[in-house]
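J.: fold the following.
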Amino acid sequence: MNALISVSDKTGILEFARALHALGIKLISTGGTAKLLADNGLPVTEVAQLTGFPEMLDGRVKTLHPKVHGGLLARRDLPEHMAALKAHGIDTIDLLVVNLYPFEATVAKAGCTLEDAIENIDIGGPAMVRSAAKNWKDVGVLTDASQYEQVLAELKADGKISDATKFALCVAAFNRISNYDGAISDYLSSVQSDGSRTLFPGQTNLQFTKLQDLRYGENPHQQAAFYRDLHPAAGSLVTAKQLQGKELSYNNIADADAAWECVKSFDAKTAACVIVKHANPCGVAVGANALEAYSKALQTDPTSAFGGIIALNCTLDVATAQLIVKQFVEVLMAPAFTPEALAVFKSKVNVRILQIELPVDGSRGGNAIDIKRVSSGLLMQTADSHELALADLKVVTKVQPTAQQLQDLLFAWKVAKYVKSNAIVFCANGMTMGVGAGQMSRLDSARIASIKAQHAQLSLQGTVVASDAFFPFRDGLDVVVDAGATCVIQPGGSMRDSEVIDAANERGVAMVFSAVRHFRH
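T.: Alright, predicted model coming up:
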């Protein structure tokens with residue numbers, strides 16, 4: 001048996017090669033890999049010796065030769081193929097171990113030039129991988145160090161690699177080539193000949209791997225599956241570890257993502273809780289600890305919280321668990337759980353408990369680009385990652401907000417960003433008091449938010465209100481002030497801003513402009 005080894009990333013390759021040699025497998029290699037093996041006492045045949053042709057053009061041409069590709073592509077079950085090999089003095093290659101030039105890592109570096117990128121486009125490696133993968137029944141093709149262990153185990157046990165493993169390796173190989181070519185296409189489609197880059201490439205090649213098939217989609221008559229980015233962001237839902245409970249459903253995943261993205265937007269130094277139902281936050285609060293944050297969030301809309309999704313940005317302790325377990329919850333998420341808290345849910349076997357680590361670098365760990373599917377197309381945009389600060393607020397009324405109102409305005413604004421448009425959010429003392437979401441009219445969202453507060457027996461007197469987009473007329477402002485709001489935050493920018501500001505002054509309430517809109521459709 002012959003093995004050709006040519007790797008850019010040499011992680012684990014020396015140990016793997018030693019094991020192959022111990023099994024009596026002949027080693028063939030290229031350039032730096034051959035030197036590494038030889039320097040460590042392993043007998044190795046260089047590809048130039050195999051082909052009778054030297055490496056040339058700074059290594060750009062070394063494996064593009066019939067003695068390499070003939071050895072990979074020849075079908076062992078076809079006598080004419082084997083006769084051709086014999087006639088031309090070509091040996092079969094039964095095992096190919098290749099990983100590619102680090103193109104993705106190169107273009108990810110700051111200051112990468114077009115020349116650097118081009119030099120890191122592998123030609124011979126993908127060609128060999130494709131040849132070996134096409135002939136998977138006769139050739140095992142390894143493209144990642146994580147595959148070494150299983151292949152060695154099978155070779156040691158049976159003297160060969162099983163057909164099932166070879167086919168899995170084949171699929172992994174073609175996936176790797178697809179991802180590699182996609183990365184090259186994405187990069188080159190976004191770069192100009194002078195090296196400048198555009199944010200959105202001329203062609204995009206989305207790369208996702210399937211995590212699981214789902215029982216059904218948004219509705220039972222729809223089929224569905226769950227995928228993750230090839231390189232997911234830290235602290236994202238796809239990195240979650242499920243500690244207990246039933247399999248996540250399509251709707252569970254969509255709602256859990258909405259809850260997690262909202263809760264991790266709060267400073268981890270302050271306990272925060274978000275309760276989501278049908279993709280909208282129905283209760284959000286911060287507190288001194290998890291128990292206080294959850295208790296306040298639940299007060300906003302306990303009716304909608306039934307069967308909802310709960311996310312915390314802090315460790316879930318036993319006291320909070322004992323309160324949460326009293327309600328029907330579909331999914332519970334936190335960065336950590338105490339053993340005592342997990343024990344509380346042992347009898348609630350259907351509750352899905354997810355542990356998700358918060359990003360450790362202080363970032364929000366979100367997507368850089370958001371994507372929405374439309375018929376036969378995609379909409380792409382940079383993520384809505386804007387963070388509002390006190391210094392950004394512009395007071396436009398005679399009445400000035402108090403220090404407490406300013407803090408509540410920032411809180412309300414953060415929540416409104418995650419509420420479906422049109423969004424109206426009443427808040428006070430670090431908790432939502434009424435949420436109006438997803439209405440065609442901003443006026444109706446304001447009315448619904450007031451009704452929600454009434455149903456929860458919460459007074460809106462003295463609250464602040466966030467509107468995700470400007471009030472086009474004064475009527476929306478009048479509704480929230482009639483409900484009890486004394487301070488309002490909105491983007492501004494309407495043709496009738498002066499009319500709305502005059503109305504605020506007339507009603508004796510404070511209003512600030514954020515100059516930022518947070519539509520969420």
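J.: buried residues, the host helix or strand of G476. List them.
T.: Using DSSP states H and E, the element containing G476 is helix 474-483. Taking 16 or more other C-beta atoms under 10 Å as the basis for neighbour counts, the residues of helix 474-483 that come out buried are R474, G476, L477, D478, V479, V480, V481, A483. Yep, even glycine has a C-beta here, placed from its N, CA and C like the rest.
J.: who's in contact with the fourth one?
T.: By that I understand D478. The neighbourhood of D478, defined by C-beta atoms under 8 Å, 6 or more residues apart in numbering, consists of A503, R507.
J.: at 7 Å instead, please
T.: A503 (C-beta atoms under 7 Å, 6 or more residues apart in numbering).
J.: also the second one?
T.: The contact partners of G476, taken as C-beta under 7 Å, 6+ apart, are R442, L443, A446.
J.: K241 versus the closest residue to the second one other than its chain neighbours, what's the distance?
T.: It refers to L443. In space, L443 comes closest to G476 once its chain neighbours are excluded; the distance is 5.1 Å by C-beta to C-beta, 6 or more residues apart in numbering. Per C-beta to C-beta, to the nearest Å, G476 is found 43 Å from K241.
J.: and F473, by the same measure?
T.: Using C-beta to C-beta, we find F473 at a distance of 49 Å from K241.
J.: more neighbours: which of the two?
T.: Looking at F473 and K241 with other C-beta atoms under 10 Å, you find the greater number of neighbours at F473, namely 15 against 9.
J.: so that one versus D502, what's the distance?
T.: F473 sits 12 Å away from D502 when distances are taken as C-beta to C-beta.
J.: how about K210?
T.: Spatial separation of K210 from D502 under the definition C-beta to C-beta is 56 Å.
J.: quick one: which of these two has more around it?
T.: D502 (13 against 9).
J.: and the helix or strand the more buried one falls within, what's buried?
T.: For D502, the element it lies in under DSSP H and E is helix 497-507. Along helix 497-507, these residues count as buried under the neighbour rule (16+ other C-beta under 10 Å): D497, V500, I501, A503, A504, R507.
J.: before we move on, the earlier item: next SSE after the helix holding G476?
T.: Scanning forward in sequence from helix 474-483, with DSSP H and E defining helices and strands, the next element found is strand 487-490.
J.: what pairs with that next one, and is each one parallel or antiparallel?
T.: strand 464-467 (parallel), strand 510-513 (parallel) (DSSP bridges).
J.: so where do the helices sit in the stretch 151-300 of the chain?
T.: Per DSSP state H, counting those that start in this stretch, the stretch 151-300 of the chain has helices spanning 163-190, 250-263, 290-300. These are given in chain order.
J.: so what touches the helix or strand following the last one?
T.: Sequence-wise, the next helix or strand beyond helix 290-300 is helix 302-305, with elements assigned using DSSP H and E. When contacts are defined by C-beta under 7 Å, 6+ apart, helix 302-305 is touched by residues I275, K277, C282, G283, L298, Q327, H455, A456.
J.: likewise for stretch 149-165?
T.: Identification of contacts with stretch 149-165 by C-beta under 7 Å, 6+ apart yields F16, A19, L23, K137, G140, L142.
J.: quickly find the element holding the first one.
T.: Assigning secondary structure by DSSP H and E places F16 in helix 13-22.
J.: and L85, by the same measure?
T.: Assigning secondary structure by DSSP H and E places L85 in helix 79-87.
J.: stretch 390-405: end-to-end distance?
T.: Using C-alpha to C-alpha, to the nearest Å, the span of stretch 390-405 from its first residue to its last is 11 Å.
J.: tell me the buried residues in that stretch?
T.: Neighbour-count burial for stretch 390-405 flags L393, V396, T397, V399, P401, Q405 (criterion: 16+ other C-beta under 10 Å).
J.: just to check, G307 is in contact with N350?
T.: No - using C-beta atoms under 7 Å, G307 and N350 do not qualify as a contacting pair, with a distance of 11.3 Å.
J.: all strands for the stretch 51-200 of the chain, in order.
T.: In order along the chain, the stretch 51-200 of the chain carries the following strands (DSSP state E, counting those that start in this stretch): 95-99, 140-142.
J.: hmm, who's touching the longest one?
T.: Outside strand 95-99, the residues that touch it by C-beta under 7 Å, 6+ apart are 1, 3-9, 25, 72, 125, 128-129, 132, 139-144.
J.: among those, the buried ones, what's the ChimeraX command?
T.: With 16+ other C-beta under 10 Å as the criterion, this ChimeraX line picks the buried residues out of the contacts of strand 95-99:
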select :3,4,5,6,7,8,72,125,128,129,132,139,140,141,142,143,144
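J.: and the spatially most distant residue from the centre of the chain, how close does it get to G484?
T.: For the chain, the C-alpha farthest from the mean C-alpha position belongs to A87; by C-alpha atoms, centre = their mean, that distance is 52.9 Å. Distance of A87 to G484, given as C-beta to C-beta: 92 Å.
J.: please apply the same query to K10.
T.: Noted for K10: a distance of 67 Å to G484, by C-beta to C-beta.
J.: higher neighbour count, those two?
T.: Neighbour comparison, K10 and G484: the larger count goes to G484, with 19 against 16 (by other C-beta under 10 Å).
J.: looks like that one contacts V464 (just checking).
T.: No - in this structure, G484 is not within contact of V464 by C-beta under 7 Å, at 10.4 Å.
J.: circling back to that earlier point, out of the contacts of G476, list just those in helices.
T.: Within the contacts of G476, residues falling in helices by DSSP state H are R442, L443, A446.
J.: what's next to stretch 103-110, contact-wise?
T.: For stretch 103-110, using C-beta under 7 Å, 6+ apart, the contacting residues are C112, D116, A117, N120, I121, Y180, A183, I184, Y187.
J.: mean confidence for that stretch?
T.: Taken as a whole, stretch 103-110 has a mean pLDDT of 90.
J.: what sits closest to G287 if chain neighbours are left out?
T.: Once chain neighbours are set aside, the closest to G287 by C-beta to C-beta, 6+ apart is A293, at 3.8 Å.
J.: the closest residue to L114 other than its chain neighbours - how many residues pack around it?
T.: Distance criterion C-beta to C-beta, 6+ apart; nearest residue to L114, sequence neighbours excluded, is G195 at 4.6 Å. Burial measure for G195: 12 neighbouring residues, criterion other C-beta under 10 Å.
J.: can I assume G195 is in contact with E115?
T.: No - contact criterion C-beta under 7 Å: G195 and E115 do not qualify, at 8.3 Å.
J.: separation between A510 and V516?
T.: The spacing between A510 and V516, counted by C-beta to C-beta, is 18 Å.
J.: more neighbours, those two?
T.: Neighbour totals were compared for A510 and V516, and A510 leads with 23 against 17 (other C-beta under 10 Å).
J.: which residues touch the more buried one?
T.: Taking C-beta under 7 Å, 6+ apart as the contact definition, A510 lies against V395, T397, V399, Q400, P401, Q405, T486, C487.
J.: make a markdown table from those and add secondary structure to it.
T.: Rendered in a markdown table, the data for these read as follows (DSSP: H, G, I helix; E, B strand; the rest coil):
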| residue | secondary structure |
| --- | --- |
| V395 | strand |
| T397 | coil |
| V399 | coil |
| Q400 | coil |
| P401 | coil |
| Q405 | helix |
| T486 | coil |
| C487 | strand |
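J.: and the furthest pair within the residues you listed?
T.: Across the contacts of A510, the two members that end up farthest from each other (C-beta to C-beta) are V395 and T486, 13.6 Å apart.
J.: so who does the residue lying closest to Q405 once chain neighbours are set aside touch?
T.: Nearest-residue entry for Q405: C487, 4.5 Å, with adjacent residues in sequence omitted and distances by C-beta to C-beta, 6+ apart. In this structure, C487 makes contact with P401, Q405, L409, V464, V509, A510, judged by C-beta under 7 Å, 6+ apart.
J.: nearest to L388 among the residues you listed?
T.: Minimum distance to L388 across the contacts of C487 is 8.8 Å, recorded for L409 (C-beta to C-beta).
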